[in-house]
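Student: Have a look at this prediction, sequence included:
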Amino acid sequence: MEQPMMLTENDEKVRKALEKTRELSIPDEKTMPVLMKLLEEVGGSWSLVKLDNYSALIDAVLSVDEDKKKLSEGSSNGDRGNNKLSEGSSNGDRGKNPKVIDSPVSLKKSYETRSAVSGSSVQVVQNNNNGDRKRKYRNRISDITKGSESVEISLVDDVGSEDAPKFTYIPHSIVYQSAYVHVSLARISDEDCCANCKGDCLSAELPCACARETSGEFAYTNEGLLKENFLDTCLKMKKEPDRFHKVYCKDCPLERDHDKGTYGKCDGHLIRKFIKECWRKCGCAMHCGNRVVQRGISCKLQVYFTQEGKGWGLRTLQDLPKGTFVCEYIGEILTNTELYDRNIRSSGERHTYPVTLDADWGSEKELKDEEALCLDATICGNVARFINHRCEDANMIDIPVEIETPDRHYYHIAFFTLRDVKAMDELTWDYMIDFNDKSHPIKAFRCCCGSESCRDKKTKGSQGKLERRKIVPTKKQSGSKVVAFKRK
Ligand SMILES: C[S@@+](CC[C@H](N)C(=O)[O-])C[C@H]1O[C@@H](n2cnc3c(N)ncnc32)[C@H](O)[C@@H]1O
């Protein structure tokens, strides 16, 4: 008699497989028996199990759940015979029974095909009880970044109802057409860099020129977290902007009536606190503690389909301490006019993704159109395009970061955690929408944030219902907000 395959969690290969399924919140107890069965089926071939980022294993584990569900549905219909859970393929009744695991040959064939479509939604072809072949979509993309970030970011849809989001993943913002973003070494003066530094600026006896922006103290701790006092001041500025200094544009792009070519009164732009990171002209190394955002995403993140009616959302797969850099807001860099034109042409999509870069708008007498910029992640963007809004008690904040140019028409927007965040918690951001601003020409979405302090009072009792409405910023509050337009 053949000996059953013995697997232990200490086995390196098993450990790696379990890591993958844990990312999808599948407990090890559920994975282990399926993994053993799968290995038996494929003749112990780990290369088949690992193929396409463990898709065979993940599918097999998820199929067990689906099959159990079908079995219980079937038994309540008095249809027990046809829905018996198939233990492999030996009963010759495949047409009627949902499959648990394919034969090695079909498995290999199916996953070879799947590898070719890796990065798009996975189509599972299943037989239903009547033997009809029906298509069911279960979105699970192992890495939406397509290898462009240093970590993989998966996308899962437990609800199983939604098509995979259509957008192009880009890890860095790109000028769409007319935006003026001029990055040049000549523009970086000696005061804006630390050419004489070496290694890690945070370990130096005295803070270098790059700490000047943050009053001679680096914004980051030696552990790579944003300092608490810096975070707290940024939060205060966001919550109580009227207590802080504002600057006013002569012709504010947010107040422009694009049809008449006239401008309303500027509501003012907060003088925001910037982080300034070391960059190319600096003498320090890439591991310098004052280079956090530019090193990119390092947390384990996942895009998932929310249950509350917010569409896709972003969650963390690991505990994150307060002050952790999560990701940057990446998108196409558009001028305000380009965004206006894009919005006019858009057919009122449910989700919108533009964010203004208005931190410097009031500091000049005249702001040219090619200098009034925003980031639009609708067509091209990174994982931040999935961050949903939460009123008042969001767990992240957006902070402007200067990296490659001291010219503040263009800067980075980085998200940091505002408190300790637990693994599997949704990552949220307060978009600063005034849901009660009836005078605004474009209505915001109906908020389903679930916060006790939700500002969208009129939606109380109607959570989960979605309306086709557009994000708009409040004119009274400040921060990296979505762009407003004057529309007839
Ligand atoms: C930047 S996107 C966030 C990702 C989006 N949920 C998706 O599926 O692509 C912003 C859009 O998400 C939705 N959204 C974000 N936060 C929400 C909330 N608290 N309640 C309802 N919808 C929300 C709105 O449709 C909004 O226009």
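Tutor: Sure, I can see it.

Student: Name the SS class of Val303, please.
Tutor: With DSSP: H, G, I helix; E, B strand; the rest coil as the basis, Val303 sits in strand.

Student: My guess is it contacts Trp312. True?
Tutor: Yes. The criterion here is CB atoms under 8 Å, and Val303 meets it with Trp312 at 5.6 Å. For every residue, glycine as well, the C-beta is placed using N, CA and C.

Student: and stretch 426-433, how far apart are its ends?
Tutor: Taking CA to CA, to the nearest Å, stretch 426-433 runs 19 Å from one end to the other.

Student: Could you list the low-confidence segments of the stretch 1-150 of the chain?
Tutor: Residues of the stretch 1-150 of the chain meeting the criterion pLDDT under 70: 1-6, 9-10, 43, 51-52, 65-138.

Student: ok, Asp369 to Pro253 distance?
Tutor: As judged by CB to CB, to the nearest Å, Asp369 and Pro253 stand 8 Å apart.

Student: Mind checking which of those two has more residues around it?
Tutor: More neighbours surround Pro253 than the other of Asp369 and Pro253, with 25 against 15 (other CB atoms under 10 Å).

Student: Quick check: phi and psi at the more buried one.
Tutor: With angles defined as degrees, to the nearest 10, Pro253 sits at phi -60, psi -30.

Student: on that earlier part again, between Asp369 and Pro253, which contacts overlap?
Tutor: Common contacts of Asp369 and Pro253, defined by CB atoms under 8 Å, 6 or more residues apart in numbering, comprise Asn336.

Student: Quick one: name the residues of the stretch 251-400 of the chain near the ligand.
Tutor: By the rule CB under 6 Å from any ligand atom, the part of the stretch 251-400 of the chain lying against the ligand is 310-313, 350-353, 385-386, 388-389.

Student: If you rank these by neighbours, which is first?
Tutor: Ranked by neighbour count (other CB under 10 Å), these have Phe386 at the top, with 29 neighbours.

Student: What residues of the strand or helix carrying Ile344 count as buried?
Tutor: Assigned by DSSP states H and E, Ile344 falls within helix 336-345. By 16 or more other CB atoms under 10 Å, the buried positions in helix 336-345 come out as 336, 338-340, 342-343.

Student: Likewise for stretch 139-152?
Tutor: Neighbour counts over stretch 139-152 (16+ other CB under 10 Å) mark 139-145, 149, 152 as buried.

Student: ok, now stretch 318-334?
Tutor: 320, 322-334.

Student: How about stretch 28-36?
Tutor: 31-32, 34-35.

Student: Just give me the closest of those to Leu202.
Tutor: Nearest to Leu202 out of those is Thr31 (CB to CB; 41.2 Å).

Student: my read: that closest one touches Ala60, true?
Tutor: No. The criterion here is CB under 8 Å, and Thr31 misses it with Ala60 at 9.3 Å.

Student: ok so, going back, what's in contact with the helix holding Ile344?
Tutor: 176-179, 253, 256, 258, 334, 354, 356, 369, 372-374, 376, 378, 470, 483, 485.

Student: Any idea which residue is closest to the centre of this protein?
Tutor: Geometric centre of the chain, nearest residue: Val383, 2.9 Å, by CA atoms, centre = their mean.

Student: Quick one: residues contacting that residue.
Tutor: 144-145, 149, 153, 169, 297, 301, 303, 314, 327 are the contacts of Val383 under CB under 8 Å, 6+ apart.

Student: With Pro165 as the reference, measure out to it.
Tutor: Taken as CB to CB, the span from Val383 to Pro165 is 11 Å.

Student: Can you check which residues contact both of these two?
Tutor: Residues touching both Val383 and Pro165 by CB under 8 Å, 6+ apart: Val303.

Student: Where does this structure get nearest to the ligand, which residue?
Tutor: Here the chain gets closest to the ligand at one residue, Gly311, 2.6 Å apart by CB to the nearest ligand atom.

Student: Domains in the protein, by residue range?
Tutor: Domain ranges of the chain: 1-118, 169-459, per automatic domain parsing.

Student: any idea which of those is most buried?
Tutor: Sort the domains of the chain by mean neighbour count, taking mean count of other CB atoms under 10 Å, and domain 169-459 sits at the top with a mean of 18.

Student: if you average pLDDT over that domain, what comes out?
Tutor: Averaged over domain 169-459, pLDDT sits at 92.

Student: Mind checking which of the contacts of Val383 are in strands?
Tutor: 169, 301, 303, 314, 327 (DSSP state E).

Student: Just the closest of these to Glu452, please.
Tutor: Glu452 has its nearest neighbour among the ones in strands among the contacts of Val383 in Leu314, at 21.8 Å by CB to CB.

Student: residue contacts, the closest one?
Tutor: 301-304, 383-384, 386-388, 426-427.

Student: hmm, which two among those are most spread apart?
Tutor: Spatial extent of the contacts of Leu314 (CB to CB) is set by the pair Tyr304 and Ala384 at 14.9 Å.

Student: so Glu404 touches Cys278, yeah?
Tutor: No. Glu404 lies out of contact with Cys278 (CB under 8 Å); the separation is 10.9 Å.

Student: Show me the two of the buried residues of stretch 318-334 that sit farthest apart.
Tutor: Lys322 and Leu334 (32.9 Å).

Student: The lengthiest strand in the chain versus helix 336-345: what angle between them?
Tutor: Secondary structure of the chain per DSSP E: the longest strand is strand 373-381. Taking axes from the mean of the first three to the mean of the last three CA atoms, to 10 degrees, one finds that strand 373-381 is oriented at 50 degrees with respect to helix 336-345.

Student: Not counting its own residues, what contacts the helix or strand following strand 373-381?
Tutor: Following strand 373-381 in sequence order, the next helix or strand is strand 388-389 (DSSP H and E). Outside of strand 388-389, the residues within contact range by CB under 8 Å, 6+ apart are 306, 310-311, 313-314, 426, 428-431, 433, 447, 449, 471.

Student: Strands of the stretch 101-250 of the chain, residue ranges please.
Tutor: Along the stretch 101-250 of the chain, the segments classed as strands by DSSP state E, counting those that start in this stretch run 122-127, 133-138, 140-141, 154-156, 168-169, 174-175, 246-247.

Student: just checking, what packs against the third one?
Tutor: Looking back up the chat, that one is strand 140-141. strand 154-156 (3 or more CB pairs under 8 Å, 6 or more residues apart in numbering; DSSP states H and E).

Student: What of the last one?
Tutor: When contacts are defined as 3+ CB pairs under 8 Å, 6+ apart, strand 246-247 sits against strand 269-270.

Student: List the pairing partners of the strand it packs on within its sheet, with orientation.
Tutor: Strand pairing for strand 269-270, determined by DSSP bridges: strand 246-247 (antiparallel).

Student: Which is the succeeding secondary structure element to the partner strand?
Tutor: Remark: after strand 246-247, the chain's next helix or strand is strand 256-257, criterion DSSP H and E.

Student: gap between the two ends of stretch 388-399?
Tutor: From its first residue to its last, stretch 388-399 covers 17 Å (CA to CA).

Student: Hmm, Ser173 is touching Val355, no?
Tutor: No. Contact between Ser173 and Val355 fails when scored by CB under 8 Å: they sit 10.6 Å apart.
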